[in-house]
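# what's the 3D shape of this:
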Amino acid sequence: MSEEKEARKVVRAGLYRGLTAVCAFTLSLSMGAGTLLEGYRSTIDSNLGTTSEKFVSTSTADEPLYENYKPSSDVLNADGTGNSRALIQKGIDLGRKQEAEGAVLLKNNTSDGRGLPLQSGENVSLFGIRSHTMLLGSGMGTKVMGPCISLEQALSQNKTDFKDTIARSVKMQMGKAGGDDRGISFTPPQSTMPGGWSGDEFDFEGAGLNINPTLVSAYTSLNETYNHAENEVATPDYDLKEPSRSEVEQAAGGDLASSCSQYGDAAIVTISRASAEANDFLPGSVADGIGASDPLELTDNEREAIKMAEECSKNVVVLVNTDTPVQIQELADDPNVSAILWVGHPGAYGTLGIADLLVGRANPSGSLSDTYAVNENSAPSAKNMGDFTYANKDVLTRSAGQFGDTSSKYVIEAEGIYTGYKYYETRYYDAALGQGNATSEAGATAGEGAWNYDDEVTYSFGYGLSYTTFKQELMGEPEFSVTKGKNGETEAYATFKVNVTNTGDVAGKSAVQVYGQAPYTAGGVEKPAVQLLGFGKTSELAPGASEEVDVKVDLQYIASYDSEHDNGDGTKGTYILDPGSYYFAIGNGAHDALNNMMAAQGVSTAKISGASDASKACKKDIDENFLAKTAFSVSKTGQKISNQLEYSDWNHFQDGEVTNLSRADWGATWPKTYSDMELKDDELISDLNAHYYDVKTGDDTSSITWGKDSGIKFWDLFDKKFDDEAWDKAMDELSLQEALNIATFGGPSIPGSRALGTYEDYMTENNGIGISLALNASKDKNAPWAIAADDANAGWIGAVLGSAPVVAASFDPDLMGEVGDYVGDEALFLGIPILWGPGLNTHRSAYNGRNGEYYSEDAILTGNAAMEFAIAAEKKGLIASPKHFAFNDQETNRYGIAPYMTEQKAREGDLRAFQIAFEATKYDTDDVDEGMKGVMTSFSKVGPVECTSSYGLITGILKNEWGFHGYCVTDIYDDTDLYGSVLNSGVTCWDTRGISGFDGGTTIESTSIFAKQNDGLTPGIETVKGDAHLQQNVKDAAHNVLFALSKSNLTNRYNSTAHVEQQPTWWRIAYIAAIAVSAVLTVVFAVLSARTGKKNSKKEA
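You can find the predicted model right below:
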């Protein structure tokens, strides 16, 4: 018996030891889980709806809160609380207005009672599946979300049905699936509101049309098979999936003809193309059997839908539901198509604007923001669009980044400055004047014979019709003003006074477009024959009424960048203004304006394609006495301008291998397709391997102050300019670790600083068509206007507005600002101080799948649209951070693709758009230096150098030339393996998407996204401790981020009472309980194990 007892004791002792080990392991696991949970608490809170930290501040008489920025009074209740219904109604009204002013009437044959507008009460048939499931659009990677108003509803109803009309989206998935060697697949359409809608419904005035119910039923049934969503993406091997005639007839149950006899007053057909992140159309790449040779060409089934409409009615209206140009020459030529209305992607409520236009409640006043070519493949940019890999890619050694290896991918942008209308109109001009071999068959759509403008362009950039007619007159010579600015720069402007008269019998608005032409010498610096310089828009003019529109043009934008110019100080490259005759003109688009210039130049009408009017053009002879050739060689900050991006040009490394398109000889320089380029130059290979910056290890950093308390807090800095000495003192208060956290973790959660009294918070959101958060997801629930969780409309999501091209096509600066103002209101409701948007890249090619997120092919239109948005948003405390800086010219291989281009192309294209928005000279005064205070960089390289690591791009141009101060963040996880290089360039932080590092949470060193560095160094303090330059850049980065936040709605929350209180979330209680219980049990079992072991030892003794 005693032996059994002893055996049990031995077993018990072993059990206690085992339980001690298990509990100790559980304790270790719980502690590790706790550390992990705390490090990712912002992401966890966001996904689980918990609150782990509570920011507390108290409004006082001396320091009132929520006074710096407030929503518009029309979205607030009388007591200052938020009115969700009013905010939604304002969004509906703005979406409607965007579309009514942005849609473009391209064709309107009103003979025999045909054409537009229709009359309310008419019986109408809707053909094409997109007439029933219209593409609504996307912005900055996020689709139009939530309840929407369909075209059917807008045309025939007068009340929303949000409960049953919620936008659906196709989502992209990464990974190997479906045989796609890119590893991309797509989900079936999914509701953007999985929980549905139970909030308010809204009354509206629809078009009052009677819609053919047979076709509604047929297409609804067909979509159960085709499963189209309101949001889809461009794809290679594109298949529109438009039902065939036989499918429509079968779904109509044999009643199609009889239904058309009842609903044949008009027939509306919608043709669509998708636009969204991560995918492109590719020239000539389509699915088999659709009857098209290009994704932007009409398919057989689209043609059949139009044919059915023509059989149904004598009045056929085509809606062009696309943000990227499609090939519609056959529709322009088709006598049975009465009208063509480009509507772009209208957003959740823009269908109401379409309805207004169709029945004449609104008069079209939009102008095309892109050229509509007969064949988009005829553009020179199309020759180099797609997937290109270096022939000897094995010489590249940089490891794959977060999204795989694209260091071996490139594109040669050999078209130079000649994209969009600057190609078509310039070649047209040269062809008319018989110069530059412009009629060469190279690039001709027909493929053989002479190049002819009328064979190439269907509708030119800036073109648009109206239901009325307008007369535009230049009121005398423009007023020129040339002065020296405060920094030694030349300030040169021309103001054009244009009198606009409504000469028709319908009220309407008219866009005023001012274009310019600089003198060109063959073989000299490349120049377009016509370029947009400025624009404005009238108010609504009654028949017979007139209005003067003043358009002020900054003449620096008619200067050309000459990368070979000798600056006389050892540098090369600057903007030049060649002496000679400069022409300016107004017109209905670029082609009309150029024709007017040609008339003023005395060109024979026989050589001019279309109407011309010399009275709408004027000439200004410019010489050194008026403006020096290098008048614009000093930027508005006083910085001397010189080459910053020489490495962007392939020929900089391997001279003569690329021929860029030139007016000197269009035929001889027509771009070839540059595939399988071989890397030979050592510097080129070194740059592609990301050897941009050598981190120092032995610098004396003692002059850089850290942790010196001066008593300054964040709230003391709200009224301070960037260069105020208070900022220097504040930055000296930071510890190096605090500054590194701010300079590393850039959002959505941005770290705080104990020294300055700020706390970590979710601060960024990613959209340009509204903010894609539900109203009950505010990041600032203390705001008096925050919407309560039990509000009827708490689930409404603000990503509802029309796409960027629709806004641009309005040519209305006031409307562009209204969009920014409204998104600013949303941001206040949602507690978001920084917006990753809008999009500021230009449309290099019609094939870019993301064109819907960028405004236009033109830099002037793009830059002004974004500037108006940003300035208005900033007045509501929302820091607009446009993207993608820069050169996001295609989505194919976007993670690190190397686009090669001349510096002239870079500066006069994408960079000019950004420059206009950042300088914002329109809003400058002696006391205020306006401009954007945020920007997001591109995944792309510039030449072989990552944009994130390009010192010339970020510091040389953005900061030094344009005077940028603010938040400069990478795109998601981009170049996290280049820690030292990115800090060197002047970028202020990374988009770390939920990983934020604060108060003992995730550290820079422990986070997986920074784990593997290209230079083998440890990121964080180890990288910068011996490098004085990087330490100063870290301090500058923190300064820039905090400066932007000090001018944002974040300031509403802060005063001297601000502090943070930890909150007992369920997951925090769970891991703390697990730690406590496992710790106690570890001790208990360890004691029991020790005691049992001791007794056993005594017995053995």
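# What strands line up against the helix or strand containing residue 584, and which way round?
Secondary structure assignment for residue 584, by DSSP states H and E: strand 580-586. Using DSSP bridges, the strands paired with strand 580-586 are strand 511-517 (antiparallel), strand 617-622 (antiparallel).
# So what sits opposite residue 989 in the bridge?
Bridge pairing for residue 989 (DSSP bridges) gives the partners residue 969.
# residue ranges of the strands in the stretch 501-650 of the chain, please?
Ranges of strands in the stretch 501-650 of the chain, per DSSP state E, counting those that start in this stretch, are 511-517, 531-537, 546-554, 560-566, 572-576, 580-586, 617-622.
# returning to what we had before: so which of the strands paired with strand 580-586 is the most surrounded?
Most buried of these by mean neighbour count (mean count of other CB atoms under 10 Å) is strand 511-517; its value is a mean of 26. Placement of C-beta: from N, CA and C, glycine included.
# what comes into contact with it?
365-367, 462, 464, 472, 496, 498, 500, 528-538, 549, 551, 553, 558, 582-590, 593-594, 597, 810-812 (CB atoms under 8 Å, 6 or more residues apart in numbering).
# go again using 6 Å as the cut-off
With contacts defined as CB atoms under 6 Å, 6 or more residues apart in numbering, strand 511-517 is touched by 367, 462, 496, 498, 529-537, 549, 551, 553, 558, 583-586, 593, 597, 811.
# Can you check which helix is longest in the chain?
Longest helix of the chain, by residue count under DSSP state H: helix 2-39.
# Remind me what that helix packs against, helices and strands.
Packed against helix 2-39 by the contact rule (3 or more CB pairs under 6 Å, 6 or more residues apart in numbering; DSSP states H and E) you find helix 1066-1100.
# The same query, at a cut-off of 10 Å, please.
Secondary-structure packing of helix 2-39 (3 or more CB pairs under 10 Å, 6 or more residues apart in numbering; DSSP states H and E): helix 41-48, helix 1066-1100.
# Output the below-cut-off pLDDT ranges for the stretch 351-500 of the chain.
Low-confidence segments of the stretch 351-500 of the chain (pLDDT under 70): 400-406, 447.
# got a list of what residue 452 touches?
Contact analysis of residue 452 by CB atoms under 10 Å, 6 or more residues apart in numbering lists 428, 431, 439, 444, 445, 446, 609.
# Can you flag which of these belong to helices?
Per DSSP H, helices hold the following members of these: 428, 431.
# Between the helices and strands packed on helix 2-39, which one is closest to residue 215.
helix 41-48 (42.7 Å; CB to CB).
# Heading C-terminal from that closest one, find the next helix or strand.
That would be, after helix 41-48 and using DSSP H and E, strand 53-56.
# Okay, now the sheet partners of that next one, with direction.
Paired with strand 53-56 in the same sheet, following DSSP bridges, are strand 1059-1062 (antiparallel).
# domain parsing for this structure?
If you go by automatic domain parsing, the domain ranges for the chain are 2-33+1065-1100, 53-82+702-1061, 102-363, 415-643.
# from the ones you listed, which stretch is densest packed?
With neighbours defined by mean count of other CB under 10 Å, none of those is more surrounded on average than domain 53-82+702-1061, at a mean of 22.
# how close does residue 683 get to residue 638?
Distance of residue 683 to residue 638, computed by CB to CB, to the nearest Å: 32 Å.
# cool, and residue 865?
In this view, residue 865 and residue 638 are 28 Å apart by CB to CB.
# wait, doesn't residue 940 sit right on residue 887?
Yes. The pair residue 940 / residue 887 is scored as a contact, 4.9 Å apart, by CB atoms under 10 Å.
# so what sits against both of those two?
Joint contacts of residue 940 and residue 887 (CB under 10 Å, 6+ apart) are 411, 841, 897, 898, 899, 910, 947.
# Which residues are in contact with the residue lying closest to residue 457 once chain neighbours are set aside?
The shortest distance from residue 457 to any non-neighbouring residue, by CB to CB, 6 or more residues apart in numbering, is to residue 424 (5.2 Å). Residue 424 sits next to 371, 373-374, 378-379, 418, 453, 456-457, 460-461, 590-591 when contact means CB under 10 Å, 6+ apart.
# mind checking the end-to-end distance for stretch 961-972?
27 Å (CA to CA, to the nearest Å).
# ok, now which ones touch the nearest residue to residue 985 once chain neighbours are set aside?
Among residues not flanking residue 985 along the chain, residue 954 sits closest, at 4.4 Å (CB to CB, 6+ apart). By CB under 10 Å, 6+ apart, residue 954 lies in contact with 644, 885, 935, 937, 947-948, 960, 964, 968, 982, 984-988.
# count of neighbours near residue 1062?
Residues near residue 1062, counting by other CB atoms under 10 Å, number 12.
# what bridges to the residue most central in space within the chain?
Closest to where the C-alpha atoms of the chain average out (CA atoms, centre = their mean) is residue 839, at 2.2 Å. Note on residue 839: beta-bridge partners by DSSP bridges are residue 854, residue 883.
# quick one: pLDDT of it?
Residue 839 carries a pLDDT score of 95 in this model.
# Report the contact partners of it.
Applying CB under 10 Å, 6+ apart to residue 839 gives the contacts 139-141, 768, 803-804, 850-855, 862, 865-866, 882-884, 888, 913, 936.
# if we go to 6 Å?
Listed by CB under 6 Å, 6+ apart, the contact partners of residue 839 are 768, 804, 853, 854.
# now the contacts of residue 424 in a markdown table, with secondary structure and distance to residue 1014?
Formatted as a markdown table, the contacts of residue 424 follow (DSSP: H, G, I helix; E, B strand; the rest coil; distance: CB to CB, whole Å):
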| residue | secondary structure | distance to residue 1014 |
| --- | --- | --- |
| 371 | coil | 41 |
| 373 | strand | 42 |
| 374 | coil | 47 |
| 378 | helix | 41 |
| 379 | coil | 37 |
| 418 | coil | 36 |
| 453 | helix | 49 |
| 456 | helix | 46 |
| 457 | strand | 46 |
| 460 | coil | 47 |
| 461 | coil | 42 |
| 590 | helix | 45 |
| 591 | helix | 49 |
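# helix or strand for the closest residue to residue 102 other than its chain neighbours, which one?
Leaving aside its sequence neighbours, residue 102 sits nearest to residue 806 (CB to CB, 6+ apart; 3.9 Å). Using DSSP H and E, residue 806 maps to helix 804-809.
# Pull the residues that contact that helix.
With CB under 6 Å, 6+ apart as the test, helix 804-809 has contacts from 98, 102, 104, 323, 344, 366, 369, 816, 819, 839, 853-856, 861, 865.
# Next SSE downstream of that helix?
Where DSSP H and E defines the elements, the next helix or strand beyond helix 804-809 is helix 813-830.
# got the angle between that next one and strand 531-537?
Interaxial angle of helix 813-830 relative to strand 531-537 (axes from the mean of the first three to the mean of the last three CA atoms, to 10 degrees): 70 degrees.
# What is helix 813-830 packed up against?
Packing partners of helix 813-830 (3+ CB pairs under 6 Å, 6+ apart): helix 859-874.
# for the helix it packs on, what is the average pLDDT?
Across helix 859-874, pLDDT averages out at 98.
# Report the angle between it and strand 531-537.
Counting by the same axes, to 10 degrees, helix 859-874 lies at 40 degrees to strand 531-537.
# Output helix 859-874 as CSV - backbone C-alpha positions only.
C-alpha atoms of helix 859-874 as CSV (Å, rounded to 0.1, in the frame of the first residue of the first chain):
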residue,chain,number,x,y,z
ALA,A,859,-2.2,68.9,-66.6
ILE,A,860,-3.7,72.4,-66.3
LEU,A,861,-7.3,71.0,-66.0
THR,A,862,-6.1,68.3,-63.6
GLY,A,863,-4.0,70.7,-61.4
ASN,A,864,-6.8,73.3,-61.1
ALA,A,865,-9.5,70.7,-60.3
ALA,A,866,-7.3,69.3,-57.5
MET,A,867,-6.3,72.7,-56.2
GLU,A,868,-9.9,73.9,-55.9
PHE,A,869,-10.8,70.6,-54.1
ALA,A,870,-7.9,70.9,-51.7
ILE,A,871,-8.3,74.6,-50.8
ALA,A,872,-12.0,74.1,-50.1
ALA,A,873,-11.4,70.9,-48.1
GLU,A,874,-8.7,72.6,-46.0
